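Student: how does the following fold in three dimensions:
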Amino acid sequence: MPVIQKRHLRASVVAQPLLHRWYAWPYLLAPHTGALNLRERLLPILRNYVMSPALHRNALADPSRYGGPFLNPGGAGTDDVQALLDTTLRDAAARLTLADDIDRLRALLAERATGGPLESLYPEVPESLRGCVELVYDTANHPSFRFFESLLYRSPAFEEHGQTLSLTSVPPRDQPFVYGSPVLPSPERLDIGVPFSAAVWDDVFAARLQPVDTRELAERLGLDAAGAAGFDALFHDETPRAPDPVPDGQVRMRYFGHATVLVETSAGCVLLDPLVGYSDDGHEHFALADLPHHIDAVVISHFHSDHFSLETLLQLRTRIGTIVVPRASGGTLQDPSLKVMLEALGFRRVVELGELDTHRAAEGLDVVGLPFIGEHADLDIRTKMVPLVRALGRSFMFATDITPIEPALYDRVRDIVGEVDALFVGLECVGASLSWLYGPLMEAKLTREQNQSRRLKGSDAAMADRLAQQVGARHVYAYAMGLEPWLKHLTGSEFDAESEPVRQSGLLEELCRRRSVGSELLYRQAERVWPAAEPRS
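Tutor: Prediction:
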């Protein structure tokens, strides 16, 4: 009988979730928004590359066009891209049908819903949407429809058969921008076509902490001999180091890059917007190996892909007590539910927070959901919140990408929650145009002026300083600008001292200095500690 040797998953192993070979970002994962993004964004990139690979090659020779819709096939060729196009048209047929049926339903309502009863239109709803939508008017008699999202995830358009986890032994160097290029097969990748919700993935990633029998896991994953050998090579015999404890009576903040912040006390911890890098990627920073073995609450501030990372969340699924997400609007196309999506992906403990709702993460550690305005190009999107973390009497406000265009809102917020010890605020003050993220979802074609003027931008220095004064922030941290080099393939940007967001961070430091308030730009890695607050009279 063979001796069973249990081993640990290496800290450097990368696990990228793919859907039809494209990186699984949230608006691609949701069946309805994913259907439109597939038809309007991803298939045109594939077709355009097959027609003119030189156009893409020449565009990507200019570093400033890295984040554009230009395909870098890596070591693959035009025939490989054509093969992916053909496979996608076949395997994603249900999604493409759903996209066409959304158009048909929009046209039906535009023609026939003129203010009278809608009952007669239900039999004419296209087949893929039958039983998955409610037809409605708003109070101005404009017709629309809302999705029963939980049913969509149980429909053929969810397409679990297109889900793949692509494993590499170390972080890939110079990976193409994942929203412009599919992740094509290569000898360096072990691609495993097992749905993301499968419990076997929990056992794979739990092996970062507890050793496992790799042969048994390989069998459960359905790997052949070559795949099993490649899988076994991702493990080693070294025991991972224990996380650094937090002394009693202290609150510790660790910055992991972009918008990822860990707030810890000796009683528990809260992890915000986890998009976490790996060890051995050539950069010095906190990585997955530096996270606690148990995370009481993970908080997602909004639906954008640099704040909701399935790649990170899947690897932490067994460690997370509860995922706290903002409450969605209830089925509109532009505003999918994070809770419904996460539950469909195998996460069992997901809590929605409405505005001013509180979640108790651990003793002396609470999360409050505050209103979030701006950065969503004026669309009616409600799956967003500004998390306020209270820890041992301290308050930390995470304003991520907000644009405080209505100052009265945060006057009211301060009246309710009081002053904060630290404000974390995003200074991506230029932002992408409306169509960059939401173009495939729009019903009517945007004018150039609409597209360019309605932007996905955060605060500038003056806005951030005004917000800091409103909430009485004793310290201000600029963050969430996509500057970390190990995230370039996900954010499309990197640190540039001459860029407007970095320049604004310097202006913010000066504005705060004039008021004797500390301010700094968080970049790569940081750790700060606060003592527990004295009881207030």
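Student: quick one: the helices in the stretch 151-300 of the chain?
Tutor: For the stretch 151-300 of the chain, the helices defined by DSSP state H, counting those that start in this stretch occupy 199-206, 214-220, 225-232.
Student: could you do the stretch 351-500 of the chain as well?
Tutor: Remark: helices assigned in the stretch 351-500 of the chain by DSSP H, counting those that start in this stretch are 407-417, 434-438, 448-453, 461-470, 488-491, 500-514.
Student: off-centre distance for the third one?
Tutor: Read that as helix 448-453. Taking CA atoms, centre = their mean, to the nearest Å, one finds the center of helix 448-453 at 25 Å from the center of the full chain.
Student: from the contact counts, what lies against it?
Tutor: helix 434-438 (3 or more CB pairs under 8 Å, 6 or more residues apart in numbering; DSSP states H and E). Placement of C-beta: from N, CA and C, glycine included.
Student: could you list the buried residues of the helix it packs on?
Tutor: Buried positions in helix 434-438, judged by neighbour count with 16 or more other CB atoms under 10 Å: 434-438.
Student: centroid residue for the chain?
Tutor: F308 (1.9 Å; CA atoms, centre = their mean).
Student: kindly indicate whether it is helix, strand or coil.
Tutor: coil (DSSP: H, G, I helix; E, B strand; the rest coil).
Student: so who does I405 touch?
Tutor: By CB atoms under 8 Å, 6 or more residues apart in numbering, the contact set of I405 is 373-374.
Student: and it, how far from Q334?
Tutor: 19 Å (CB to CB, to the nearest Å).
Student: cool, and I295?
Tutor: 30 Å.
Student: kindly report the same for P371.
Tutor: From P371 to Q334 the distance is 18 Å (CB to CB).
Student: could you list the low-confidence segments of the protein?
Tutor: 1-3, 536-537 (pLDDT under 70).
Student: name the single longest helix found in it.
Tutor: Identified as the longest helix of the chain according to DSSP state H is helix 93-112.
Student: now do it: distance to the chain's middle.
Tutor: From the chain centre to the centre of helix 93-112 is a distance of 27 Å (CA atoms, centre = their mean).
Student: tell me which residues in it are buried?
Tutor: For helix 93-112, a neighbour-count test (16+ other CB under 10 Å) marks 94-99, 101-102, 105-106, 108-109 as buried.
Student: with just CA atoms, put whichever helix or strand comes after it into PDB.
Tutor: Sequence order places strand 133-137 as the next helix or strand after helix 93-112, per DSSP states H and E. The C-alpha trace of strand 133-137 is given here as PDB (Å, rounded to 0.1, in the frame of the first residue of the first chain):
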ATOM      1  CA  VAL A 133     -38.300  38.800 -15.700                       C
ATOM      2  CA  GLU A 134     -41.100  41.000 -14.500                       C
ATOM      3  CA  LEU A 135     -42.500  43.700 -16.800                       C
ATOM      4  CA  VAL A 136     -42.900  47.000 -15.100                       C
ATOM      5  CA  TYR A 137     -43.500  50.700 -15.600                       C
END
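Student: for the nearest residue to R104 once chain neighbours are set aside, what are its contacts?
Tutor: Excluding the flanking residues, the one nearest R104 by CB to CB, 6 or more residues apart in numbering is P126, at 4.8 Å. Listed by CB under 8 Å, 6+ apart, the contact set of P126 reads 100-101, 104-105.
Student: hmm, try it at 10 Å
Tutor: P126 makes contact with 97-98, 100-105, 108, 133 under the criterion CB atoms under 10 Å, 6 or more residues apart in numbering.
Student: could you measure from V261 over to N37?
Tutor: Taking CB to CB, one finds V261 at 29 Å from N37.
Student: and for the closest residue to L353 other than its chain neighbours, the neighbour number?
Tutor: Using CB to CB, 6+ apart and skipping residues adjacent in sequence, the residue nearest L353 is G369, 3.5 Å away. Here the number of neighbours of G369 (other CB atoms under 10 Å) works out to 24.
Student: look up how far A526 lies from G369.
Tutor: According to CB to CB, G369 and A526 sit 25 Å apart.
Student: and what of F256?
Tutor: Distance, F256 to A526, by CB to CB: 9 Å.
Student: distance to P143 added to the buried residues of helix 93-112, as TSV?
Tutor: What follows is these, written out as TSV (distance: CB to CB, whole Å):
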residue	distance to P143
A94	26
R95	25
L96	25
T97	22
L98	20
A99	20
D101	16
I102	14
L105	10
R106	9
L108	9
L109	4
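Student: L184: which of those residues is nearest?
Tutor: Among the buried residues of helix 93-112, R95 lies closest to L184 (CB to CB), at 19.9 Å.
Student: and that closest one, what does it touch?
Tutor: R95 touches 19-20, 28, 31-32, 34-39, 88, 128, 156-159, 162, counting by CB under 10 Å, 6+ apart.
Student: using PyMOL, define a selection of the buried residues within those.
Tutor: Of the contacts of R95, the buried ones can be selected in PyMOL as follows, counting by 16+ other CB under 10 Å:
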select buried, resi 19+20+28+31+32+34+35+36+37+38+39+88+128+157+158+159+162
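Student: rewinding a little: which one of the buried residues of helix 93-112 sits closest to S120?
Tutor: Closest to S120, out of all of the buried residues of helix 93-112 and judged by CB to CB, is L108, at 11.1 Å.
Student: now do the same contact list for that closest one.
Tutor: 121, 124-126, 135, 143, 145.
Student: out of the residues you listed, which are buried?
Tutor: The neighbour count (16+ other CB under 10 Å) marks 121, 125-126, 135, 143, 145 as buried among the contacts of L108.
Student: can I get those residues in CSV with distance to E352?
Tutor: Compiled in CSV, these are given as follows (distance: CB to CB, whole Å):
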residue, distance to E352
L121, 31
V125, 28
P126, 30
L135, 25
P143, 28
F145, 22
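Student: closest to I323 out of those residues?
Tutor: F145 (28.3 Å).
Student: with adjacent residues omitted, what lies nearest to that closest one?
Tutor: V133 (4.5 Å).
Student: what of G431?
Tutor: Spatially, and ignoring its direct neighbours in sequence, G431 is nearest to K457 (2.8 Å; CB to CB, 6+ apart).
Student: quick check: the gap between that neighbour and Q504.
Tutor: K457 sits at a distance of 11 Å from Q504 (criterion: CB to CB).
Student: tell me, what's touching the two both at once?
Tutor: Shared contacts of K457 and Q504 (CB under 10 Å, 6+ apart): 427-430.
Student: can you flag the buried ones in those?
Tutor: Using 16+ other CB under 10 Å, the buried members of those are 427-429.
Student: how about JSON lines for those, with distance to D237 added?
Tutor: Listed next are those as JSON lines, based on distance: CB to CB, whole Å:
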{"residue": "L427", "distance to D237": "45"}
{"residue": "E428", "distance to D237": "43"}
{"residue": "C429", "distance to D237": "49"}
